[in-house]
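Novice: Using only what follows, build the 3D model:
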Amino acid sequence: MNYNRKSLIETLINTSFGGNQAAFGRAIGKSPGQVNQWLTGYRSVGDGVARHIEMVLDLGNGWMDGKASQLKQKPVTREATPIDTVLADLAALEPEDADVWRAEIRRAAIKARKEKQERDQERAARSTDPPLEHRHTA
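Specialist: Got it, this is the predicted structure:
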């Protein structure tokens with residue numbers, strides 16, 4: 001793997017995504033697993049991926065190759081998503097507070113899943129055809 005590209009990805013993750021590999025992956029349309037594989041050296045960051053990252057994050061062509069003129073580009077900025085805000089809040093909590101948040105998130109996820117199942121069941125019940133009426137023929 002190109003050491004410079006790996007180093008630049010690590011820098012991007014730490015400076016623009018709060019150290020969150022998953023957030024970086026979402027921003028560039030790649031899975032967190034793939035991002036991790038680049039960082040561990042299991043996969044290399046090829047030219048196509050490097051150009052894709054540059055394009056999606058508006059870094060300038062050649063930034064991932066350490067071209068000096070491109071490295072002076074403005075830092076990556078993006079709007080924080082609601083999940084980014086929650087993750088940042090969780091990261092700032094004391095361990096005992098984080099457990100409370102995790103429990104709340106778990107309860108909310110279970111409730112949302114149950115509500116979705118109920119909606120799906122209602123939708124399925126409405127979409128079934130009513131039974132055919134029996135017709136008497138003379």
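Novice: and the end-to-end length of stretch 37-47?
Specialist: Taking CA to CA, to the nearest Å, the first and last residues of stretch 37-47 lie 16 Å apart.
Novice: got it, and stretch 12-28?
Specialist: Across stretch 12-28, first to last residue, CA to CA, it's 12 Å.
Novice: That one: which residues count as buried?
Specialist: For stretch 12-28, a neighbour-count test (16 or more other CB atoms under 10 Å) marks 12-13, 16-17, 20-28 as buried. All C-beta atoms are positioned from the backbone trio N, CA, C, and that covers glycine.
Novice: lowest confidence element among the helices and strands of this protein?
Specialist: helix 68-71 (a mean of 46; mean pLDDT, DSSP states H and E).
Novice: Now, the buried residues of stretch 12-28 that are in helices?
Specialist: When DSSP state H is applied, the buried residues of stretch 12-28 are split such that 12-13, 16, 21-28 fall in helices.
Novice: Now do the longest helix along the chain: which elements does it pack against?
Specialist: Using DSSP H, we find that the single longest helix of the chain is helix 95-127. With contacts taken as 3 or more CB pairs under 8 Å, 6 or more residues apart in numbering; DSSP states H and E, helix 95-127 sits against helix 82-92.
Novice: Map the structural domains onto the sequence of this structure.
Specialist: 3-71, 93-127 (automatic domain parsing).
Novice: mind listing what the nearest residue to Val56 once chain neighbours are set aside touches?
Specialist: Nearest residue to Val56, sequence neighbours excluded (CB to CB, 6 or more residues apart in numbering): Ile28, at 5.0 Å. The contact partners of Ile28, taken as CB atoms under 8 Å, 6 or more residues apart in numbering, are 52-53, 56-57.
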